[in-house]
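Asker: Below is the structure, and that's it, no one-letter string:
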């Protein structure tokens, strides 16, 4: 089978979608399938087939796109700048994809609502389209654009895009019941359209990397303090991850005890703001901002507690890795997190945005070593079974085969109707 894994986002990037695509590609290829990766390139300057580095440049496409947009009969549709930006990027992506060619693939597997909607517009008759949604774009945009004077227009646009993207493929894969419920109840996606398949993860490789010394690199190794416990956050430094609430909780925690340090790993638009918040609260000695790192397995190995205080979340890679590493996790009750962390069994669940609740959970694990180790042990036992890469990929292959059969039946029925 020839498979194209496609996303609208820039790749490679730090984050769960790229990791998911990379692991799925390797596993499918080990089973004898041919797999290509497609997405935007650096700074969205081109659309390309990653593994072939076959690309079409943005500047070659933009004049054609602008000409079409200027001929729009309803320019008011683009009064919201985010809507205009997204629509422009969609059209560049669609046109770029047509130049790269899609005819040879049996399955095109998109990774977001935008790429699914785009592929549905431009793909040839042959390939079967399958989509995986790694979150709800419409919900994320509502939070980001809440204060915009044209937020109602933007909400309408992204709500429609959510529905179109979720219904464009033969089947749409979601990772949990939370996202399935949102799509069916709020966006009225037919329930038969959706397949719930949790992620798979290469647990053996991750455990091996945890115990290896990282190779010589530009980054200096991070030394674990001998007299302090380590709290670890890994992820993007953006509003939706709730890291500002974590910093506030750590300020309260410092009033209770000072036997800890928090490593914050990642980059993002809120990095400078978070560092300023940390300084203003007198946490320079307690919080270490490590930036982007490529030694997450080793950092997890040297940590005691993992924390993810997200305000919106689907099924984060960072929690999967923490569970495999046998660490107790503290997460918020946002999105799909309560489906993968059982409160009091494999971790602790705090109310999203509740600084005091988060602080109390951190303090509970810091003061009770036996409870901390029990939660970590339970998390690892559950994670090693639940996040099996073999099971995850087999589930995806079942969806591919079902989608191909569904498309073939539809084509046969259409042919029969035409003959009659």
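Answerer: Received, thanks. Just so we're clear, the structure is a prediction, and the values are computed from it rather than from any experiment.

Asker: Mind giving me the packing neighbours of the longest helix seen in the chain?
Answerer: When the chain is parsed with DSSP state H, its longest helix is helix 389-419. If you count contacts as 3 or more CB pairs under 8 Å, 6 or more residues apart in numbering; DSSP states H and E, helix 389-419 packs onto helix 16-30, strand 107-110, strand 128-132, strand 171-174. (Glycine included, C-beta is placed from N, CA and C.)

Asker: Export those as TSV, with columns for distance to residue 254.
Answerer: Shown next, in TSV, are these (distance: least, CB to CB, whole Å):
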stretch	distance to residue 254
helix 16-30	31
strand 107-110	45
strand 128-132	41
strand 171-174	39
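
Asker: which one of the ones you listed is the most hemmed in?
Answerer: Stretch with highest mean neighbour count among the helices and strands packed on helix 389-419: strand 107-110 (a mean of 28; mean count of other CB atoms under 10 Å).

Asker: Mind listing the strands that strand pairs with, and their directions?
Answerer: Strand 107-110 sits in its sheet next to strand 2-10 (parallel), strand 128-132 (parallel), going by DSSP bridges.

Asker: Of the ones you listed, which is nearest residue 358?
Answerer: Nearest to residue 358 among these is strand 2-10; the distance by CB to CB comes to 29.2 Å.

Asker: could you give the angle of the closest one to helix 16-30?
Answerer: Strand 2-10 and helix 16-30 are oriented at 170 degrees to each other (axes from the mean of the first three to the mean of the last three CA atoms, to 10 degrees).

Asker: Can you give the distance of strand 2-10 from its chain's centre?
Answerer: On the basis of CA atoms, centre = their mean, to the nearest Å, strand 2-10 is displaced by 14 Å from the centre of the chain it belongs to.

Asker: check contacts around the residue nearest to residue 150 when sequence neighbours are not counted.
Answerer: Distance criterion CB to CB, 6 or more residues apart in numbering; nearest residue to residue 150, sequence neighbours excluded, is residue 80 at 3.8 Å. For residue 80, the contacting residues are 145, 148, 150-151, 153-154, 157, by CB atoms under 8 Å, 6 or more residues apart in numbering.

Asker: Let me know the closest of the residues you listed to residue 90.
Answerer: Among the contacts of residue 80, and counting by CB to CB, the member closest to residue 90 is residue 157, at 10.9 Å.

Asker: coming back round to it: for residue 259, find the nearest of the helices and strands packed on helix 389-419.
Answerer: Nearest to residue 259, of all the helices and strands packed on helix 389-419, is helix 16-30, at 31.9 Å by CB to CB.

Asker: and the direction of the next helix or strand after the closest one versus that of strand 2-10, what angle?
Answerer: For helix 16-30, the following helix or strand on the C-terminal side (DSSP states H and E) is strand 34-40. Angle, strand 34-40 to strand 2-10, by the same axes, to 10 degrees: 20 degrees.

Asker: Which elements pack onto the helix or strand just after strand 34-40?
Answerer: Per DSSP H and E, the first helix or strand lying C-terminal to strand 34-40 is strand 46-49. Contacts defined by 3+ CB pairs under 8 Å, 6+ apart place strand 46-49 against strand 34-40, strand 54-57, helix 81-100.

Asker: Tell me the helices and strands packed up against the longest one.
Answerer: I take that to be helix 81-100. Here helix 81-100 touches strand 2-10, strand 34-40, strand 46-49, strand 54-57, helix 58-70, helix 113-122, helix 151-167, going by 3+ CB pairs under 8 Å, 6+ apart.

Asker: which residues are in contact with it?
Answerer: When contacts are defined by CB under 8 Å, 6+ apart, helix 81-100 is touched by residues 6, 8, 38, 40, 44, 46-49, 54-56, 58, 61-62, 64-65, 68-69, 77-78, 114-115, 117-119, 121-122, 141, 144-145, 148, 150, 153-154, 157-158, 161.

Asker: out of those, which are buried?
Answerer: Buried members of the contacts of helix 81-100, scored by 16 or more other CB atoms under 10 Å, are 6, 8, 38, 40, 46-49, 55-56, 58, 61, 65, 78, 114-115, 117-119, 141, 144-145, 148, 150, 153-154, 157-158, 161.

Asker: Quick check: mean pLDDT of stretch 270-288?
Answerer: Mean per-residue pLDDT for stretch 270-288: 97.

Asker: Alright, calling it a day.
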